[in-house]
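Trainee: Quick check, what structure comes out for this input:
(one chain, ligands or ions: 1)
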Amino acid sequence: MSKVHNFSAGPGILPQEVLDKSAEAILNFNGINLSILEISHRSKDYIPVMDEAQKLVKELLGLDDDFYVLFLGGGASMQFAMVPSNLLRTNGTAAYVNTGVWASKAIKEAKMIGNTNVVASSEDKNFNYIPKGYTIPADADYLHITSNNTIYGTQIKQFPKSPVPLVCDMSSDIFSRKINGNDFTLIYAGAQKNMGPAGATMVAVRQSALGKTDRKILSMLDYKVHIKGESMFNTPPVFPIYVSMLTMKWLKDNGGVEWIEKINRQKADLLYNEIDNNPLFIGTVEKEDRSDMNVCFLLKNTELEPEFDKLAKAGNLSGIRGHRDVGGYRASLYNALPLESVQVLVDVMKEFGRIKG
Ligand SMILES: *Cc1c(COP(=O)(O)O)cnc(C)c1O
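Mentor: The predicted structure is shown next:
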């Protein structure tokens, strides 16, 4: 079987050793001759998995003791509703930065719950840049931003200094680079981009920020309820949490976020360099806002796409077609994707340049 280079935007690539261990746990978890799929989440074999997953998030993000880490169902999309349910007061206003499809969806949910103020947007240029220099109202209940825009391939390089609690959707670049986790009040991420498989969503929230809203919150949407239940108020996504834990452990054991940030940098530089120097291709994003995780580019002559697709397929490149809203190509360079896979993609682009140049 020849190796497939997996550039999928999500669910995305996982480390091979994590897949091997996960497969083993499905058949015989911890040597107990039971599958991890058929034991209680409250069993003595599973509790340490949840503890370790929570601990690893705090370590990798450098979070202080005010933070509680939850693993919930419902995807990152559920957080679009949970964040305003918990942090937006009935007479308050939430500030949002609109940098793409996911941010827009977060705004839509918040609007159904309370007052929102979109303080900046890059919609005027099909979200190909990150707005900067906007004013954050000092009386907002929080500011919501999206650190990496998976569909458009933009990434916030410098987080805004916020006078109000900062909430961030980090679904597609969590653990990819060093950040000051303690600058945030709430960080959430669907696992399936850079942390694990689909089904679990990580929420790290400052406990001191909760309990300030006067609204009634449905139990399943209430962070305090989930914290009281130690992330087991209801049955958590047992297996996705296990695989996420293994992926975080893989990252930590190899040198953590500092280690992967260097490699992610190399991968992104390698690919952007080819896009900028190969006359057949063009990037879609303002250079200073380019994402290290999702690299979006076009063939200048779109009629050549079928031929390039053929060459990419022959090179065992998978998942590089762009999102329907942008077109062209998108290569996702998540943590588990090795540098050599990016080299293969770049070699295919060079080869295409030779054939067509
Ligand atoms: C994929 C994605 C989402 C949606 O995640 P779901 O788990 O499918 O709800 C939200 N935000 C960002 C930035 C994403 O990349």
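Trainee: Name the nearest residue to whatever residue of the stretch 251-357 of the chain ends up closest to the ligand, ignoring sequence neighbours.
Mentor: Closest approach of the stretch 251-357 of the chain to the ligand (CB to the nearest ligand atom) occurs at residue 294, with a separation of 8.4 Å. The C-beta positions use only the backbone N, C-alpha and C, and glycine is treated the same way. Leaving aside its sequence neighbours, residue 294 sits nearest to residue 153 (CB to CB, 6 or more residues apart in numbering; 4.6 Å).
Trainee: on that earlier part again, can you count the residues close to the residue of the stretch 251-357 of the chain closest to the ligand?
Mentor: Neighbourhood size, residue 294 [other CB atoms under 10 Å]: 31.
Trainee: My read is that it contacts residue 329, right?
Mentor: No - using CB atoms under 8 Å, residue 294 makes no contact with residue 329, being 10.6 Å away.
Trainee: Could you tell me which ranges of the protein sit under the pLDDT cut-off?
Mentor: Within the chain, the segments meeting pLDDT under 70 span 1.
Trainee: thinking residue 282 is in contact with residue 297, fair?
Mentor: Yes - Residue 282 lies in contact with residue 297 (CB under 8 Å); the separation is 6.5 Å.
Trainee: And those two? Which one has more around it.
Mentor: The residue with more neighbours, out of residue 282 and residue 297, is residue 297; 25 against 13, by other CB under 10 Å.
Trainee: and the gap between that one and residue 332?
Mentor: As judged by CB to CB, to the nearest Å, residue 297 and residue 332 stand 12 Å apart.
Trainee: contacting residues around the residue nearest to residue 356 when sequence neighbours are not counted?
Mentor: Closest residue to residue 356 apart from its sequence neighbours, by CB to CB, 6+ apart: residue 280 at 5.9 Å. Counting by CB atoms under 8 Å, 6 or more residues apart in numbering, residue 280 touches 299, 300, 301, 304, 349, 352, 353, 356, 357.
Trainee: again, but for residue 242
Mentor: Per CB under 8 Å, 6+ apart, neighbours of residue 242: 22, 25, 36, 49, 53.
Trainee: Report how many residues lie close to the third one.
Mentor: Same thing as residue 36. The local packing of residue 36 (other CB under 10 Å) involves 22 other residues.
Trainee: what is in contact with residue 282 and residue 297 at once?
Mentor: Common neighbours of residue 282 and residue 297, counting by CB under 8 Å, 6+ apart, are residue 275.
Trainee: Surely residue 244 is in a helix?
Mentor: Yes - judged by DSSP: H, G, I helix; E, B strand; the rest coil, residue 244 forms part of a helix.
Trainee: what bridges to whichever residue of the stretch 151-300 of the chain sits closest to the ligand?
Mentor: Residue of the stretch 151-300 of the chain nearest the ligand, by CB to the nearest ligand atom: residue 190 (3.0 Å). Bridge pairing for residue 190 (DSSP bridges) gives the partners residue 201.
Trainee: May I ask you to confirm that it is in contact with residue 198?
Mentor: Yes - between residue 190 and residue 198 there is a contact at 7.3 Å, judged by CB under 8 Å.
Trainee: Name the residues of the stretch 151-300 of the chain found near the ligand, please.
Mentor: By CB under 6 Å from any ligand atom, the residues of the stretch 151-300 of the chain that approach the ligand are 169, 171, 172, 190, 193.
Trainee: residues contacting the last one?
Mentor: Read that as residue 193. 9, 10, 11, 12, 150, 171, 172, 173, 174, 293, 332, 334.
Trainee: Can I get the buried part of those residues as one ChimeraX selection?
Mentor: Selection of buried members from these for ChimeraX, criterion 16 or more other CB atoms under 10 Å:
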select :9,10,12,150,171,172,173,174,293,332,334
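Trainee: hey, where'd the helices end up in this structure?
Mentor: With helices called from DSSP state H, the chain shows them at 16-27, 47-61, 75-87, 101-113, 223-228, 238-254, 256-277, 305-314, 339-356.
Trainee: before we move on, back to that, residue 190 and residue 198 - which one has more neighbours?
Mentor: Higher neighbour count among residue 190 and residue 198: residue 190, with 28 against 15, using other CB under 10 Å.
Trainee: Cool, thanks, talk later.
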